[in-house]
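1. Quick one, structure for this:
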Amino acid sequence: MEHDTYNTKENLPPQASLTGAKKIEGLLKEANTAGMDTCDMDDLADVPSVSTNPKAKKLPLELEEAKLAYKVVHAVATFSVGCSLNLQMVRNAIPNAKIDLTDYMGVIVKMTEPKCSTMIYRTGTIAITGARNEIHASHAAHVLLSQLQAIGYNVGFHNYKVSEISAALDLKFPIALQELYVKYVHICTYKPDIYKPLIFNLPEPDITIFIAPDGNVIFTQAKNREDIVKAIDVMYPILVTFKK
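-> A predicted model of the protein is given here:
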């Protein structure tokens, strides 16, 4: 069977992008809470330890609390139904569906329950974006399967994968972003006159982090929850040192 190429970092349709400024601002608000240079872990070697950082006396406890406090706010998933699809038939039969005439030729479905967007390709590959979390993404997949079965397709549920998640964390303290930027200028982007959050490109795990002045943080492009926890392990000691 022919397969669609769907790499979430390189070939994601425009409406599915996780790193657009409007999308990140939306995630920051909902949680109530340009290229970037790459680097290696040596760039973070001077992060103060708990014993030498006066602002981090209670860091072990606070760090563990932070790792429990984050909330997944966005998930991307892909799967295959195992058969080719007639896009016009799908578009006519499924509510809130429209044909996408861009290079990502497929049917876009705006779902309301759960709230998310899906891209259906003629090869039977389906991408789900905008789901609130992994559970909502799975629910959306099964809703689509039921709708395609109702049309008459003998669909299966193959190669389901949550390929990317974003998570929000409220640090509950403001951060001196200009000072943070000066310290880590080689791996940060910060243009407050254009976009208020500082963008921190963490090398390991490979996650892009949006840090707002009030201490609300969005972790994007994580492959799983383990990556989020690892990123908090690295970033929390850094951000504590720039607490206002």
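2. going forward, measure contacts and count neighbours with C-alpha atoms only.
-> Noted.
3. just checking, what's the longest helix in this structure?
-> In the chain, with assignment by DSSP state H, the single longest helix is helix 134-151.
4. What is the burial count for Pro213?
-> Close neighbours of Pro213, defined as other C-alpha atoms under 10 Å, add up to 18.
5. can you check the one 3 residues further on too?
-> By other C-alpha under 10 Å, the residues close to Asn216 number 22.
6. what about dumping the CA coordinates of the longest helix of the chain to PDB?
-> Once non-C-alpha atoms are left out, helix 134-151 reads as follows in PDB (Å, rounded to 0.1, in the frame of the first residue of the first chain):
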ATOM      1  CA  GLU A 134      -3.300  11.500  24.000                       C
ATOM      2  CA  ILE A 135      -6.700  10.200  25.100                       C
ATOM      3  CA  HIS A 136      -8.600  12.800  23.000                       C
ATOM      4  CA  ALA A 137      -6.400  11.900  20.000                       C
ATOM      5  CA  SER A 138      -7.300   8.200  20.400                       C
ATOM      6  CA  HIS A 139     -10.900   9.000  20.800                       C
ATOM      7  CA  ALA A 140     -10.800  11.100  17.600                       C
ATOM      8  CA  ALA A 141      -9.200   8.200  15.700                       C
ATOM      9  CA  HIS A 142     -12.000   5.800  16.700                       C
ATOM     10  CA  VAL A 143     -14.700   8.400  15.900                       C
ATOM     11  CA  LEU A 144     -13.200   8.600  12.400                       C
ATOM     12  CA  LEU A 145     -13.100   4.900  12.100                       C
ATOM     13  CA  SER A 146     -16.800   4.700  12.900                       C
ATOM     14  CA  GLN A 147     -17.600   7.400  10.300                       C
ATOM     15  CA  LEU A 148     -15.600   5.600   7.600                       C
ATOM     16  CA  GLN A 149     -17.300   2.300   8.400                       C
ATOM     17  CA  ALA A 150     -20.700   4.000   8.100                       C
ATOM     18  CA  ILE A 151     -19.800   5.000   4.500                       C
END
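7. quick check: angle from the next helix or strand after it to helix 134-151?
-> Along the chain past helix 134-151, the next helix or strand (assigned with DSSP states H and E) turns out to be strand 158-170. On the basis of axes from the mean of the first three to the mean of the last three C-alpha atoms, to 10 degrees, strand 158-170 is oriented at 140 degrees to helix 134-151.
8. Tell me the helices and strands packed up against strand 158-170.
-> The contact analysis (3 or more C-alpha pairs under 8 Å, 6 or more residues apart in numbering; DSSP states H and E) places strand 158-170 against helix 59-69, strand 71-80, strand 216-222.
9. So for Lys98, which of the ones you listed sits nearest?
-> With C-alpha to C-alpha, the closest approach to Lys98 among the helices and strands packed on strand 158-170 belongs to strand 71-80: 19.0 Å.
10. and after the closest one, which helix or strand comes next?
-> Next along from strand 71-80, by DSSP H and E: helix 87-93.
11. Now find how far off-centre that next one is within its chain.
-> 29 Å (C-alpha atoms, centre = their mean, to the nearest Å).
12. by contact count, what packs against the helix or strand just after that helix?
-> Where DSSP H and E defines the elements, the next helix or strand beyond helix 87-93 is strand 97-100. On a contact count with 3+ C-alpha pairs under 8 Å, 6+ apart, strand 97-100 meets helix 87-93, strand 106-112.
13. Contact partners for Leu144?
-> By C-alpha atoms under 8 Å, 6 or more residues apart in numbering, Leu144 lies in contact with nothing.
14. Quick check: bridge partners of the closest residue to Lys110 other than its chain neighbours?
-> For Lys110, ignoring the flanking residues on the chain, the nearest one in space by C-alpha to C-alpha, 6 or more residues apart in numbering is Ser117 at 4.7 Å. Counting by DSSP bridges, Ser117 forms beta bridges with Lys110, Thr129.
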